[in-house]
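**Student:** quick one: sequence and predicted model below, then my questions.
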Amino acid sequence: MNEGASERGMIFDTTLRDGEQAPGCSMTLQEKMRVASALRDLRVDVIEAGFPAASPGDFEAVRAIAAEIEGPVICGLARCHAGDIERAWNALQGARRPRIHVFIATSEIHRTHKLQMAKEEIIRRAVESVRLARSLCPDVEFSAEDASRTEPGYLAEVVTAAIEAGARTINVPDTLGYTVPDEFFDLFGYLRQHVPGVDAVTLSVHCHDDLGMAVANSLAAVRAGARQVECTINGIGERAGNCSLEEVVMALRTRAGHFGIGTSIDTRRLYPTSRLVASITGMHVPRNKAVVGENAFAHESGIHQDGMLKHASTYEIMRPEDVGISRSNLVLGKHSGRHAFRERVQHLGFNLDEDDLNRAFAEFKKLADRKKEMFDADIEAIVMSSDAGGSGPWAIEELHISAGTGAIAAGAVRVRHADGRLVDEASVGDGPIEAAFKALERATGINMDLRNFEVRSVTTGEDAQGEVTVTVEYNGHSFRGLGVSTDIVEAAAFAYLDVINRVCRRALVPGGDAARGRGQVATV
Ligand code: KIV
Ligand code: ZN
């Protein structure tokens, strides 16, 4: 627990439920399992693994996480419907410490326009649902959706009824990111005064970031007595996102004297977990993001650097190593062996199996030939991109691009499917990147609408790797993909192939992932 903290606050992670709901952040079952394992290692108290009634995929993910992840409480979300609650309970069967989380909206706007239910009916539904959940599971959480825009007197009535029906945790969401810290502090104070039995349950806070105050509002709730904070890695989530786990945890730790609340989080796992979630969702962490952004511990101005050299605490309120970032990150070179590479990869928080490690090591060797200095960020990029491409089913075997001023850009690719097919295709385009994308679409038979294209440099220097993120729309779904290379056209092609593979793996292609390449099929 944090030094100076006298009480413990629980960290409830909803990356796999509220975070995964964000456009483009959907994850496969395998990806969810990797995130769930990382959350266990981070030592969160509760993992909200999904919303089992939402889809068969959600059900399966909650079931698999409940069966395999030991340590944290595993939670499944349910609306106040018997069917949802039973489905959540079925999915949670394998969990050592299951929790059912039921919710219903309580604000006037939601009552009138969404639910078309009277106040009494909502209370009745909440009570019946909490009772049903309690008859199945000893640990039940109740959430009053849009609580911050609900009349405080009515909110207190709903919450009182939910506690009497058996809820052990009462969650107060700021669903629309509308509240401000002092108002939210007062609302928690009001509930603590007006809800009988409130001290026997855990008060929880769940904030969205529409006005950029999710972390501040969550901390205000903690000051007012909340002892569970609901948050996501990198703050991913609906619209502007949720309260960011790493920020709230480090605020509680760094200002332990002020808050007096500790957490069980292993803060040295924050950075690796952040990178893992960014790589899986393709949702970049901005360079200036608090705690885990690349610039979070970079000192540029001469005065700051001078101060840092004299004493780090002059310009640093947290130590990078406390959040899992190493100070000196010039690590390996082309003569480094597999053993040193494995150790570095593990230190960076990745648990690769032998096949993934071998694939990443081969990429590392290739890159080390092209690049003088290898930094942690290079190694992360290799691991993340080889992992993205490695999950197939398609892989690029060859890529040829020709372009120039006054010349038509043309791209030719040879791609291999996991079933052994080898497909050659070519296309022209407005530029080399478009030519590569079109050739890949023709070869794999998957046509997508490109919505966003971003390039950033992984490290600094002339030989730095370029990291490309693409966002596409396919059949009404949004997908992100990531590619890394010292050549940005190649990085773009890898990123595009990554989304093609995500589309295939989500089985959105008619006939499952069996996308029929339209190009010339070569014999294998
Ligand atoms: O934002 C919200 O209100 C929610 C609830 C389901 C807890 O996510
Ligand atoms: Zn939410």
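**Tutor:** It's in. Ligands and ions are numbered 1, 2, ... in the order given.

**Student:** and this structure, which residues reach ligand 1?
**Tutor:** By the rule C-beta under 6 Å from any ligand atom, the part of the chain lying against ligand 1 is Asp18, Phe103, Ser143, Glu145, Asn171, Pro173, Thr175, His206, His208. C-beta coordinates here come from the backbone N, C-alpha and C atoms, glycine included.

**Student:** and the pLDDT for the fourth one?
**Tutor:** Right, the one you point to is Glu145. The score at Glu145 is 98. That number is its pLDDT.

**Student:** and for the second one?
**Tutor:** According to the model's per-residue confidence, Phe103 sits at a pLDDT of 98.

**Student:** so who does the residue most central in space within the chain touch?
**Tutor:** Closest residue to the average C-alpha location of the chain: Val277 at 4.3 Å, with C-alpha atoms, centre = their mean. Taking C-beta atoms under 8 Å, 6 or more residues apart in numbering, we find Val277 in contact with Thr15, Gly19, Val35, Ala38, Ile233, Asn234, Ile236, Met283.

**Student:** can you give me the strands for the stretch 51-200 of the chain?
**Tutor:** 73-79, 98-105, 140-145, 169-174 (DSSP state E, counting those that start in this stretch).

**Student:** test my guess that Ala381 contacts Ala464.
**Tutor:** No: using C-beta atoms under 8 Å, Ala381 is not in contact with Ala464, being 10.1 Å away.

**Student:** what's the overlap in contacts for those two?
**Tutor:** Val458.

**Student:** neighbour count for those two, which is higher?
**Tutor:** The neighbour count for Ala381 versus Ala464, taken as other C-beta atoms under 10 Å, is higher for Ala381 (25 against 17).

**Student:** A helix includes the more buried one, no?
**Tutor:** Yes: assessed by DSSP: H, G, I helix; E, B strand; the rest coil, Ala381 belongs to a helix.

**Student:** what's the distance between the residue of the stretch 401-524 of the chain found nearest ligand 1 and Val472?
**Tutor:** When distances are taken as C-beta to the nearest ligand atom, the stretch 401-524 of the chain reaches nearest to ligand 1 at Ser478, 19.5 Å away. Here the criterion is C-beta to C-beta, to the nearest Å. By it, Ser478 lies 7 Å from Val472.

**Student:** need the residues touching each of those two.
**Tutor:** With C-beta under 8 Å, 6+ apart, Ser478 and Val472 have common neighbours Arg451.

**Student:** which one of those two has more residues nearby?
**Tutor:** Using other C-beta under 10 Å as the criterion, Ser478 and Val472 rank with Val472 on top: 25 against 17.

**Student:** give the next helix or strand downstream of the helix or strand where that one lies.
**Tutor:** Under the criterion of DSSP states H and E, Val472 resides in strand 466-474. Counting by DSSP H and E, the element after strand 466-474 in chain order, helix or strand, is strand 477-485.

**Student:** that following strand packs against which elements?
**Tutor:** Judged by 3 or more C-beta pairs under 8 Å, 6 or more residues apart in numbering; DSSP states H and E, the packing partners of strand 477-485 are helix 376-390, strand 466-474, helix 488-505.

**Student:** nearest to Ala312, out of these?
**Tutor:** helix 376-390 (19.3 Å; C-beta to C-beta).

**Student:** could you check how far Gly177 is from Asn242?
**Tutor:** On the measure of C-beta to C-beta, Gly177 and Asn242 end up 9 Å apart.

**Student:** any residues in contact with both of these two?
**Tutor:** Cys207, His208, Asp209, Ala214.

**Student:** out of those residues, give me the two with the largest separation.
**Tutor:** Spanning the widest gap among the shared contacts of Gly177 and Asn242 are Cys207 and Asp209, at 7.1 Å by C-beta to C-beta.

**Student:** list residues touching both of those two?
**Tutor:** With contacts defined as C-beta under 8 Å, 6+ apart, the residues shared by Cys207 and Asp209 are Gly177, Val215, Asn242, Cys243.

**Student:** more neighbours: which of Cys207 and Asp209?
**Tutor:** Just comparing Cys207 and Asp209: by other C-beta under 10 Å the higher neighbour count belongs to Cys207, 33 against 22.

**Student:** hang on, isn't that one packed against Cys243?
**Tutor:** Yes: applying C-beta under 8 Å as the test, Cys207 and Cys243 come out as touching, 4.6 Å apart.

**Student:** overlap in contacts, the two.
**Tutor:** Contacts common to Cys207 and Cys243, judged by C-beta under 8 Å, 6+ apart, are Ala214, Val215, Asn217, Ser218, Glu230.

**Student:** about what we covered before: closest one to Ala126 among the strands of the stretch 51-200 of the chain?
**Tutor:** strand 98-105 (5.4 Å).

**Student:** output that closest one as PDB, nothing but the C-alphas.
**Tutor:** Backbone C-alpha positions of strand 98-105 (Å, rounded to 0.1, in the frame of the first residue of the first chain) are rendered in PDB as follows:
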ATOM      1  CA  PRO A  98     -17.500 -13.900  -9.100                       C
ATOM      2  CA  ARG A  99     -19.500 -10.600  -9.100                       C
ATOM      3  CA  ILE A 100     -22.700  -9.700 -10.900                       C
ATOM      4  CA  HIS A 101     -22.900  -6.000 -11.700                       C
ATOM      5  CA  VAL A 102     -26.500  -4.800 -12.400                       C
ATOM      6  CA  PHE A 103     -27.400  -1.400 -13.700                       C
ATOM      7  CA  ILE A 104     -30.400   0.800 -14.500                       C
ATOM      8  CA  ALA A 105     -30.600   4.400 -15.500                       C
END
